[in-house]
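S.K.: The sequence and its predicted three-dimensional model are supplied below.
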Amino acid sequence: MQTANCIFAPKNKYLISKIKVAAVSYLNTKPLLYGIEHSPVMKDMELLLNYPSQLAKSLKEGNIDMALLPVAAMQEIPGARIVSDYGIASDGNVASVAIFSQVPMQEIKTVYLDYQSRSSVRLAQLLLEKHWKKQVEFKDAGENYIDYINGSAAGVIIGDRALKQRTNFEFIFDLATGWKEYTGLDFIFAAWVANKDLSADFIKMFNDANAEGLKHIDAVVAANPFPYYDLKEYYTENIKYYFDDDKKKGMNRFLELIKE
């Protein structure tokens, strides 16, 4: 079993020129990206954007040096470790990662799995089995799978699309809330992960840039008009960006459970 801090990286001394850093372009990353893009750290890095499920593949193949990675994907990448104190987490209702349904939980028979994030899919599967005590048929979701969520068919929806769908479904089973109810722990969805040595100076600048972005939430909200959900509430209440000990404990418990 892993301890709470065991996969958090030590400070290393080697610097890679123009470090390739990848993230998703979801609204939940905007405060972190704002800080990075307005920081001197940008002179040492190249910022790329992709789906969370694609980031693990790119990191494993060596096409990038660091990524905001779904934590469930870390177990498949040799040498993967968390290199920042910031990422995407929650201590309860996260709003943008949920099972959406038109019927109560007891009537759900099929669940479509969002193809964009492995962590959310594994969390949904775990909670359905252990917390909600449901046996369902899982189906891989295609591009337009939300159109098929009706009757006894539910679906995991994440990110911006989840926020847009909140008024379209009768029942929303928030996965971070379900995790909190099941374990009493917080949850980390994604963390900045590297599988090679990065310099302590770069990591410090990168960490500071993430922290700085969180000081400019009003500017981030103003720069990203979004009529479907209150982004100020999203950034300050739903998403927790700093990884305290409770977040790390929750993450390690999740990794233990999905390994069993």
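M.R.: Looks like it came in fine. Numbering: from 1, shown residues only.
S.K.: C-terminal to whichever strand in the chain runs longest, which secondary structure element comes first?
M.R.: Ordering each strand of the chain by length in residues (DSSP state E) puts strand 81-90 first. For strand 81-90, the succeeding helix or strand toward the C-terminus, using DSSP states H and E, is strand 97-101.
S.K.: mind listing what that following strand pairs with, with the direction of each?
M.R.: Here strand 97-101 is paired, per DSSP bridges, with strand 153-158 (antiparallel), strand 171-174 (antiparallel).
S.K.: Out of these, which one sits most buried?
M.R.: Greatest average neighbour count among the strands paired with strand 97-101 goes to strand 153-158 (a mean of 26), per mean count of other CB atoms under 10 Å. Just so you know, the C-beta spots here come from the backbone N, C-alpha and C atoms, and that holds for glycine as well.
S.K.: Could you give the average pLDDT over that one?
M.R.: Strand 153-158 shows a mean pLDDT of 96.
S.K.: neighbouring contacts of it?
M.R.: If you take CB atoms under 8 Å, 6 or more residues apart in numbering as the criterion, strand 153-158 is touched by 96-101, 103, 108-114, 116-117, 120-121, 124, 136, 141, 145-146, 148-149, 165, 171, 175.
S.K.: Which of those residues are buried, as a PyMOL select command?
M.R.: The PyMOL command for the buried members of the contacts of strand 153-158 (criterion: 16 or more other CB atoms under 10 Å) is given here:
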select buried, resi 96+97+98+99+100+101+103+108+111+112+113+114+116+117+120+121+124+136+141+145+146+149+165+175
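S.K.: so the lowest-mean-pLDDT helix or strand in the chain versus strand 81-90, what angle?
M.R.: Ranking every helix and strand in the chain by mean pLDDT, DSSP states H and E puts helix 52-60 at the bottom, with a mean of 86. Following axes from the mean of the first three to the mean of the last three CA atoms, to 10 degrees, one obtains 170 degrees for the angle between helix 52-60 and strand 81-90.
S.K.: Are there helices or strands packed against helix 52-60, and which ones?
M.R.: strand 19-23, strand 66-70, helix 118-130, strand 187-194 (3 or more CB pairs under 8 Å, 6 or more residues apart in numbering; DSSP states H and E).
S.K.: List the buried residues in it.
M.R.: Those would be 52, 53, 55, 56, 57, 58, 59, 60, for helix 52-60 by 16+ other CB under 10 Å.
S.K.: Per-residue pLDDT of the closest residue to the third one other than its chain neighbours, please?
M.R.: What sits nearest to residue 55 in space, not counting adjacent residues and going by CB to CB, 6 or more residues apart in numbering, is residue 67, at 4.1 Å. According to the predicted model, the pLDDT of residue 67 comes to 96.
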